[in-house]
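K.L.:
how would this look folded up:
(chains A, B, C, D, E and F)
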There are 4 protein chains.
Amino acid sequence: MSVTKAPRVEQRSDTRMHALLEAALEVFAERGYRTARLDDVAEAAGVTKGAIYHYFDTKEALLLGVVEHYQALAFDRAEEALRDSRMPATARIRLLMRKVFANGDPESGQRLLTLLIGGLAHEVPVVHARWLQDGPARLWKMIGRLVEEGKKRGEFRPDADGEVGARLLVSGLMLQRMWQQHADDVPGLAVDHDRLIDSSVELFLASLRAPSGTRSSAT
Amino acid sequence: MSVTKAPRVEQRSDTRMHALLEAALEVFAERGYRTARLDDVAEAAGVTKGAIYHYFDTKEALLLGVVEHYQALAFDRAEEALRDSRMPATARIRLLMRKVFANGDPESGQRLLTLLIGGLAHEVPVVHARWLQDGPARLWKMIGRLVEEGKKRGEFRPDADGEVGARLLVSGLMLQRMWQQHADDVPGLAVDHDRLIDSSVELFLASLRAPSGTRSSAT
Amino acid sequence: MSVTKAPRVEQRSDTRMHALLEAALEVFAERGYRTARLDDVAEAAGVTKGAIYHYFDTKEALLLGVVEHYQALAFDRAEEALRDSRMPATARIRLLMRKVFANGDPESGQRLLTLLIGGLAHEVPVVHARWLQDGPARLWKMIGRLVEEGKKRGEFRPDADGEVGARLLVSGLMLQRMWQQHADDVPGLAVDHDRLIDSSVELFLASLRAPSGTRSSAT
Amino acid sequence: MSVTKAPRVEQRSDTRMHALLEAALEVFAERGYRTARLDDVAEAAGVTKGAIYHYFDTKEALLLGVVEHYQALAFDRAEEALRDSRMPATARIRLLMRKVFANGDPESGQRLLTLLIGGLAHEVPVVHARWLQDGPARLWKMIGRLVEEGKKRGEFRPDADGEVGARLLVSGLMLQRMWQQHADDVPGLAVDHDRLIDSSVELFLASLRAPSGTRSSAT
DNA sequence: CATGAATGAGGTTTCATTCAT
DNA sequence: GATGAATGAAACCTCATTCAT
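P.N.:
Take a look at the predicted model:
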């Protein structure tokens, strides 16, 4: 009997946990971490404030939970993209960026970024630093490695500063995406989401590409 | 006591005002707008909390003062860069980006960005939206116009998405600069400041450049 | 599961009850009644919080249970001491105090006192008043009666204020015992437990004793 | 002008401070430290809750302020009693106990004891330990020294355990006094205040006194 | 009987803003 | 103009108590 009891509890716990993470992302991104009240999170999750404390010791722990959860999701997609193929670096970079930035739910992606890039640096420096290292920095290092591969294969010119390029691509897309959340308030801010990603990636690739005619010299 | 007060009210006011703006930038950027206490600003400016209310009606008004002051400074430099020359678009873009991002006091530039990109979106949406429009968006539109010019002159290939490129350049550099403030806590985050700007600009220009061999091969 | 439950409900109930009382004394004395959490009591008793409510309606009821249980224990010993003998008052007082204060488990005695003398007065006035009446006051009245007996037999001088003396003896010993729990933190606080009791009783008796040689002269 | 400003501020500050200390003693003793709400203290002092934080960083700091303030007052009286005289030890002990326990405001004395003996041990161990050391323990050591003097002069018998006696006297009186606050709820608890002190001291002295007629014969 | 998730009232602490001096 | 004491509205967190399973 105790065999069947445990799973049920886990099941329920997991469901609630998940609901809390979603609600927290929503509210934190909407209001900002500091500004957001736990009451709001609770309400969004359909529970009362106190219930949150069954799952997270502290407001900050809840935030950390959110960050880790969604970061893991994003990198699962990212690594899947890289594992799948033995395509040219160019194609793999395109795929990687699509997987990371153009996921099914653009809303939640924007939200997370708004939350993470914004205020967190001051409000919860530890969480912020951790995210910076395990998120953006990790991503541009992935791209950096693909660029190196591409250079070896002669796809890219050997003198391009791929590291900085990768940083620019990642940071630029992130900030643009975050700002899209304010598209309504700032005239001229909105861009089509797919155009943003595609053009950015193509420009990035173009900036690295070996000038035509010099294909196989280099390295 | 009233004898000495009258003569240089304006003078003293301006000095105090300036001291307050500097102190506010410092404290807001250090602690974040919400987290920062007016007591701290007052202390940094060498006055008492109540005195702030002689110059600014509200904490938010103080913030707005800071944003406008430093934004004006940045765009004075920017427009000076554009007005000065009739050089090729390539060169003008280089100059513009240098003026905006590589100003004499990298500290204060970083600080301002940290403040503005960060939490402000949630905490003071009005100020944030205003800055977004008058700052970053204005800058990438400037660049966008230069790109159009360059296309007309044959410096750039006509099919490049200059608008998105300009956005990426501006956003990417801003976010990278902001993150540099956390270089100590996140291993592998630091980049040389000049390399960041130079490489970014060169890659941006490279991505727009007409493919070698075609066109007239001019710089 | 329901197969094993029925047979020894009573048995188990009593055991659980007892475990709860012990655990509650331990936790209440350690942390204080208010500060102590029912979770802690439950954990110390090896059950879950909810289970407590099968035995006690309320936290306060649990406390009352503890007080009555241990108070009864103490007075069982006390009355046994008095019933046993027809000795001189002096000897009976010695015996009484030993039974009450020098019981087998000095730990639990201290704990109880710590709990009862401490904060209870404010936190649970009803329980406190009840304990005061049925515990200390009852004890010093017992002693008072023994003193009266002693006076009649000429063991004690008739003008001694036995009532106040008994109060002083009881209160003094209780508070000293309670404070011994902090012997580690306060230098110079510790005293040997037996010396405390013996010396106190002897001094009390000496203070009552008829002056030598002046047996019948009074005042 | 600044000459006259400072004193006035100090003056006001001191007055408020004092009002807060009095109010805090009142409320803490009435409700217990934990149970007491800062709102109540504020109300009793005629200010709002927030104002307390101008004078004390924390609820605990306020408590510490109260303890130190009233402890200092009590020991000022005590030391004055000892300094004044070259009387026999017997007389000095009587005077000391009177000064400490029978001060002009029996209410506030009781209150303080109620606060200090009660719950503090669990709730604010640091403050409690400090008080124990600087208050009761210090007092019974004072008495202990007087007893030693009295032994040298032949006032007291040399074999009496003065140390334990002093402890008993101090603890007993304190606890009795504290309990007097509940005299209304517990029948038979009340004693006349002066009788309590006088009889206690006389019994204490009697217990130490050399048996009549055996002045120099020792043990 | 036992569990443990959920509730919700309550209290300390912070800080922008006001105002008498 | 400047001061700084006072206000009072939030917001996080705790925990006794309930109840469906």
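K.L.:
how about stretch A:69-88 and chain B, touching?
P.N.:
No - shown here: stretch A:69-88 not in contact with chain B (Cβ under 8 Å from any Cβ of the partner chain), separated by at least 14.6 Å. Heads up, the C-betas are built off the backbone N, CA and C, glycines and all.
K.L.:
ugh, wrong one, I meant stretch A:15-33
P.N.:
Yes - Stretch A:15-33 reaches chain B (Cβ under 8 Å from any Cβ) through A:Glu30, A:Arg31, A:Gly32, A:Tyr33.
K.L.:
now do the contacts for the residue nearest to the third one when sequence neighbours are not counted.
P.N.:
Translated: A:Gly32. Closest residue to A:Gly32 apart from its sequence neighbours, by Cβ to Cβ, 6 or more residues apart in numbering or on different chains: B:His122 at 2.9 Å. Residues near B:His122 by Cβ atoms under 8 Å, 6 or more residues apart in numbering or on different chains: A:Glu30, A:Arg31, A:Gly32, A:Thr35, A:Thr114, A:Gly118, A:Gly119.
K.L.:
if you set the cut-off to 7 Å instead, what comes out?
P.N.:
Contacts for B:His122 (Cβ atoms under 7 Å, 6 or more residues apart in numbering or on different chains) come out as A:Arg31, A:Gly32, A:Thr35, A:Gly118, A:Gly119.
K.L.:
low-confidence ranges in chain A?
P.N.:
Low-confidence segments of chain A, defined by pLDDT under 70, are located at A:1-13, A:84-85, A:103-107, A:210, A:212-219.
K.L.:
how about the residues of stretch A:15-33 next to chain B, which pair is most distant?
P.N.:
Considering Cβ to Cβ, no two members of these lie farther apart than A:Glu30 and A:Tyr33, which are separated by 10.7 Å.
K.L.:
these two: which has the busier surroundings?
P.N.:
More neighbours sit around A:Tyr33 than around the other of A:Glu30 and A:Tyr33, counting by other Cβ atoms under 10 Å in any protein chain shown; the figures are 27 against 16.
K.L.:
got the contact list for the residue nearest to that one when sequence neighbours are not counted?
P.N.:
Spatially, and ignoring its direct neighbours in sequence, A:Tyr33 is nearest to A:Glu123 (5.4 Å; Cβ to Cβ, 6+ apart). Contacts for A:Glu123 were tallied using Cβ under 7 Å, 6+ apart; they are A:Tyr33, A:Arg34, B:Gly32, B:Thr35, B:Gly119.
K.L.:
and A:Glu123, how far from DNA strand E?
P.N.:
11 Å (Cβ to the nearest atom of the strand, to the nearest Å).
K.L.:
quick one: the residue nearest to A:Gly32 from D:Glu60, how far?
P.N.:
34 Å (Cβ to Cβ, to the nearest Å).
K.L.:
likewise A:Val164?
P.N.:
For A:Val164, the distance to D:Glu60 under the criterion Cβ to Cβ works out to 53 Å.
K.L.:
more neighbours, those two?
P.N.:
Taking neighbours as other Cβ under 10 Å, A:Val164 and D:Glu60 compare with A:Val164 leading, 24 against 14.
K.L.:
so that one, which of the three states?
P.N.:
Following DSSP: H, G, I helix; E, B strand; the rest coil, A:Val164 is assigned to helix.
K.L.:
thought it was touching B:Ile197?
P.N.:
No - using Cβ atoms under 7 Å, A:Val164 and B:Ile197 do not qualify as a contacting pair, with a distance of 9.2 Å.
K.L.:
for whichever strand or helix holds A:Tyr53, name the packing helices and strands.
P.N.:
According to DSSP states H and E, A:Tyr53 maps onto helix A:49-55. Other elements packing on helix A:49-55 under the criterion 3 or more Cβ pairs under 7 Å, 6 or more residues apart in numbering or on different chains; DSSP states H and E are helix A:2-31, helix A:38-45.
K.L.:
any residue of the last one up close to DNA strand F?
P.N.:
Yes - interface with DNA strand F: helix A:38-45 contributes A:Leu38, A:Asp39 (Cβ under 7 Å from any atom of the strand).
K.L.:
gap between A:Glu30 and A:Ala45?
P.N.:
As for A:Glu30, its distance to A:Ala45 is 14 Å (criterion: Cβ to Cβ).
K.L.:
an error on my part: the question was meant for A:Ala160.
P.N.:
For A:Ala160, the distance to A:Ala45 - Cβ to Cβ - is 47 Å.
K.L.:
and stretch A:199-212, anywhere near chain B?
P.N.:
Yes - on the criterion Cβ under 7 Å from any Cβ of the partner chain, stretch A:199-212 is in touch with chain B at A:Ser199, A:Ser200, A:Leu203, A:Phe204, A:Ala206, A:Ser207, A:Pro211, A:Ser212.
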